[in-house]
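S.K.: dropping a prediction and its sequence here:
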Amino acid sequence: MRNFDEHTITDAVLERTRDARDPRIKEISEALVRHLHAFVREVRPTQKEWAQGIDFLTRTGHMCDDKRQEFILLSDALGVSMLVDAINHPVPEGATETTVLGPFYVHAAPERALGEDISGGVEGDPLLVTGTVSSPDGQPIPHATIDVWHSDSDGYYDVQQLDALGQLAMRAKFHADEKGHFNFWSIRPAAYPIPHDGPVGQMLEAQGRHPWRPAHVHFMISAPGHEQLVTHVFEAGDQYLDSDVVFGVKDSLIREFVRREPGPAPDGWVLNVPYYHLNYDFGLKPLRAA
Ligand code: BEZ
Ligand code: FE
């Protein structure tokens with residue numbers, strides 16, 4: 001077969017994938033070819049535009065290393081990460097909704113005891129975080145593992161300023177108590193722009209978009225017999241809730257970070273400055289409902 005033109009090339013490429021051994025690879029390859037060709041037919045790129053597209057992807061790849069994953073950031077900023085998340089995480093009544101993992105998760109976060117301050121001495125408004133972990137039917141899940149991480153009051157994560165901080169901070173791994181309760185202290189996070197000094201930042205600029213995410217605290221919660229939950233809790237009232245650059249906000253994940261006057265806090269600590277209190281009760285999906 002030869003002499004392909006605009007009208008015959010798609011079928012010809014599909015025909016070549018006919019003998020793919022793995023049926024899933026075949027299905028994915030066919031869809032990729034159909035959608036990619038349809039995109040090119042719709043856009044009708046000039047040769048120069050096509051070269052610019054290749055250059056964009058090349059620069060995206062070159063930006064990646066063990067600390068920076070520009071392709072995931074691209075997927076996040078194009079809403080693909082949240083689309084994949086939505087497809088894979090239908091949420092039954094009583095289970096907490098999911099959202100993107102983001103690039104600032106650290107596998108080996110320091111283990112901390114309930115009630116500890118995880119701010120690592122970073123300055124900011126004190127934040128008390130309390131909550132519970134249960135099954136959708138309301139049964140507490142004892143000893144669930146809770147990974148937590150968030151930005152400082154200038155919007156930076158510890159891993160973006162490790163040289164200055166000298167240690168991980170504003171992140172920890174806890175275990176809920178036997179009734180599924182957890183509590184800890186940290187500082188109130190701020191809204192921040194996703195890393196935008198690379199190709200994704202240039203794309204956002206060209207698309208007339210800002211790079212900001214509303215203030216949030218990340219949670220990754222695991223317990224035997226339950227699906228791992230990856231989510232955040234967003235601060236109510238943040239100016240970016242309706243324009244999160246990675247499309248991660250859901251109403252059910254928004255909570256008031258309630259300002260409290262100095263004095264005794266619910267966990268017994270006595271504060272001599274105002275502080276904020278965030279409470280969130282998480283619901284984990286049982287594995288059999290997955
Ligand atoms: C984050 O919330 O940490 C994040 C998520 C997606 C892209 C960049 C940052
Ligand atoms: Fe974040």
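M.R.: Done, it's in. Numbering: from 1, shown residues only. Ligands and ions are numbered 1, 2, ... in the order given.

S.K.: got the domain boundaries for the chain?
M.R.: As assigned by automatic domain parsing, the chain contains the domains 9-66, 73-289.

S.K.: hmm, the last one in reach of ligand 1?
M.R.: Spelled out, it's domain 73-289. Yes - in terms of C-beta under 6 Å from any ligand atom, part of domain 73-289 sits within range of ligand 1, namely 73, 76, 100, 102, 103, 104, 194, 213, 246. In this view, the C-beta of every residue, glycine as well, is placed from N, C-alpha and C.

S.K.: ok, the first one to residue 212 distance?
M.R.: According to C-beta to C-beta, to the nearest Å, residue 73 and residue 212 sit 14 Å apart.

S.K.: those two: which has the busier surroundings?
M.R.: Between residue 73 and residue 212, counted using other C-beta atoms under 10 Å, the more crowded position is residue 73 (27 against 19).

S.K.: helix or strand right after the helix or strand hosting the more buried one?
M.R.: For residue 73, the host element (DSSP states H and E) is helix 70-77. Moving toward the C-terminus from helix 70-77, the first helix or strand encountered (DSSP H and E) is helix 80-88.

S.K.: what mean pLDDT does that next one have?
M.R.: What helix 80-88 shows for mean pLDDT is 97.

S.K.: elements contacting it?
M.R.: Other elements packing on helix 80-88 under the criterion 3 or more C-beta pairs under 8 Å, 6 or more residues apart in numbering; DSSP states H and E are helix 70-77.

S.K.: okay, the angle between the helix it packs on and helix 80-88?
M.R.: Using axes from the mean of the first three to the mean of the last three C-alpha atoms, to 10 degrees, one finds that helix 70-77 and helix 80-88 are set 70 degrees apart in direction.

S.K.: on that earlier part again, any residues in contact with both of residue 73 and residue 212?
M.R.: The contact sets of residue 73 and residue 212 overlap at residue 194 (C-beta atoms under 8 Å, 6 or more residues apart in numbering).

S.K.: hey, where'd the strands end up in this protein?
M.R.: Counting by DSSP state E, the chain has these strands, from start to end: 126-134, 145-150, 171-175, 181-187, 192-193, 212-213, 216-222, 229-235, 254-255, 258-260, 263-264, 270-271, 275-283.

S.K.: got TSV for the ones you listed, with mean pLDDT too?
M.R.: Converted to TSV, these look like this (pLDDT from 0 to 100):
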stretch	mean pLDDT
strand 126-134	98
strand 145-150	98
strand 171-175	98
strand 181-187	98
strand 192-193	98
strand 212-213	98
strand 216-222	98
strand 229-235	98
strand 254-255	98
strand 258-260	98
strand 263-264	97
strand 270-271	96
strand 275-283	98
